[in-house]
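1. Sequence below, structure please.
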Amino acid sequence: MVFFSDINVQVALTLVVILFVIMPVVYYSWFLGREKPDYERVRQQKVRSPIGRQLMLISYFWTNLLGLPLARRGVTPNTVSFVSMMFGAAAGIALGFSQFGFGAALFFCSGFLDVVDGIVAREQGSGSASGSVIDSSFDRYVDFFVLAGIAVHYRDDVLMLVLTLAAILGSYMISYSSSKAEALGVEPPRGGMKRTERGPYLVLGSMLSAFTVPTIESSFGLAPNFGLPLAFFVGLIAVFANLSAIRRLRYLIKNV
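-> This next block holds a predicted model:
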């Protein structure tokens, strides 16, 4: 376990360097002295925070850097979606075995590819209703795989197990309310804890836990491999995802 703990720290540290050093440095260096692209998808998100907008621009730059060559080589969006789901399943397995660094890295790859598949579809002009169903279904599987892995990790802690199950419930109710609103022709109110927020929170929580488990958590008297940062973000999702889902459902009931 010590061996795996050391590797998890190294994997998490590598992920930190990629996310917070390599990706932004390459992005700003690439467009040094030139106008940065303004992606339509970023405009559609209507992000008000300047920092949040910059993070989205950086992420879309990198996903386009991978997605466009894949589209030109004829890789289908469904193939990318399937690989994204496989990474999500692997992340869930890693988290179930308390391997936080591996879980964070694998879940990041899954989320990254989940954006790439849309880029491939738009570039090839191959978007379809069936492709949307496949992509959405794979996303639900990834949500379950990751949170189920976290539930297995916290299986001996009743409070955390309940919070993880509540996070699963909230996640699925947000997706359900959005699908129901679309089917009824009603636009649901904007709310927090959508998939684009839950994913980064869980990646961050897992990544930080890889550092805190072998360093500071033992001094708190926590169970071995507890993962305090991950527990915090799971609790955050459990509370606010369900509040957001209730708000959405109340809005739908009043406006159908």
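
2. Thr79 and Phe145, how far apart?
-> 19 Å (Cβ to Cβ, to the nearest Å). (C-beta placed from N, C-alpha, C; glycine too.)

3. Looking only at neighbour counts, state which of the two leads.
-> Phe145 (23 against 13; other Cβ atoms under 10 Å).

4. Going by neighbour count, which residues of stretch 84-102 are buried?
-> Buried residues in stretch 84-102, counted by 16 or more other Cβ atoms under 10 Å: 84-96, 98-102.

5. same deal with stretch 31-45?
-> Quick answer for stretch 31-45 (16+ other Cβ under 10 Å): 39, 42.

6. So what touches that stretch?
-> Around stretch 31-45, the neighbours that count as contacts under Cβ atoms under 8 Å, 6 or more residues apart in numbering are 53, 56-57, 60-61, 64, 118.

7. what do you get for stretch 54-62?
-> Contacts of stretch 54-62 (Cβ under 8 Å, 6+ apart): 23-24, 27, 30, 36-39, 41-42, 45, 47, 112, 115.

8. just to revisit the earlier point, please list the members of the buried residues of stretch 84-102 that lie in helices.
-> Residues from the buried residues of stretch 84-102 lying in helices, with DSSP state H as the criterion: 84-96, 100-102.

9. And those residues, which is closest to Leu222?
-> Set against Leu222, the nearest of these by Cβ to Cβ is Phe100 (13.7 Å).

10. quick one, what contacts that closest one?
-> 8, 12, 94, 206-207, 209-210, 213, 227, 230.

11. Now do the phi/psi pair for Gly127.
-> Backbone torsions of Gly127, given as degrees, to the nearest 10, read phi -60, psi 140.

12. The chain should start at 40 in everything you say after this.
-> Okay, using 40 as the starting number, the last item reads as Gly166.

13. And the pLDDT at the residue nearest to it when sequence neighbours are not counted?
-> Nearest residue to Gly166, sequence neighbours excluded (Cβ to Cβ, 6 or more residues apart in numbering): Ala160, at 4.4 Å. pLDDT for Ala160: 90.

14. buried stuff in the one helix or strand Ala160 maps to?
-> In this assignment (DSSP states H and E), Ala160 forms part of helix 139-163. Neighbour counts over helix 139-163 (16+ other Cβ under 10 Å) mark 139-160, 162 as buried.

15. what's the answer for stretch 194-201, then?
-> 199-200.

16. go on, stretch 173-181?
-> Buried, per 16+ other Cβ under 10 Å, within stretch 173-181: 173-174, 177-178, 181.

17. which other residues reach it?
-> Against stretch 173-181 from outside (Cβ under 8 Å, 6+ apart): 116-117, 120-121, 123-124, 127-128, 149, 153, 156-157, 211, 214, 218, 234.

18. pLDDT weak spots in the chain?
-> Low-confidence segments of the chain, defined by pLDDT under 70: 40-44, 83-88, 90, 228.

19. SS state for the residue in it sticking out farthest from the centre?
-> Within the chain, the residue lying farthest from the chain centre (Cα atoms, centre = their mean) is Gly72, at 32.2 Å. What DSSP: H, G, I helix; E, B strand; the rest coil gives for Gly72 is coil.

20. Find the nearest non-adjacent residue to the spatially most central residue of the chain, please.
-> Per Cα atoms, centre = their mean, the C-alpha nearest to the average position across the chain is that of Gly238, at 2.1 Å. Counting by Cβ to Cβ, 6+ apart, Gly238 lies nearest to Gly150, which is 4.7 Å off, once chain neighbours are set aside.
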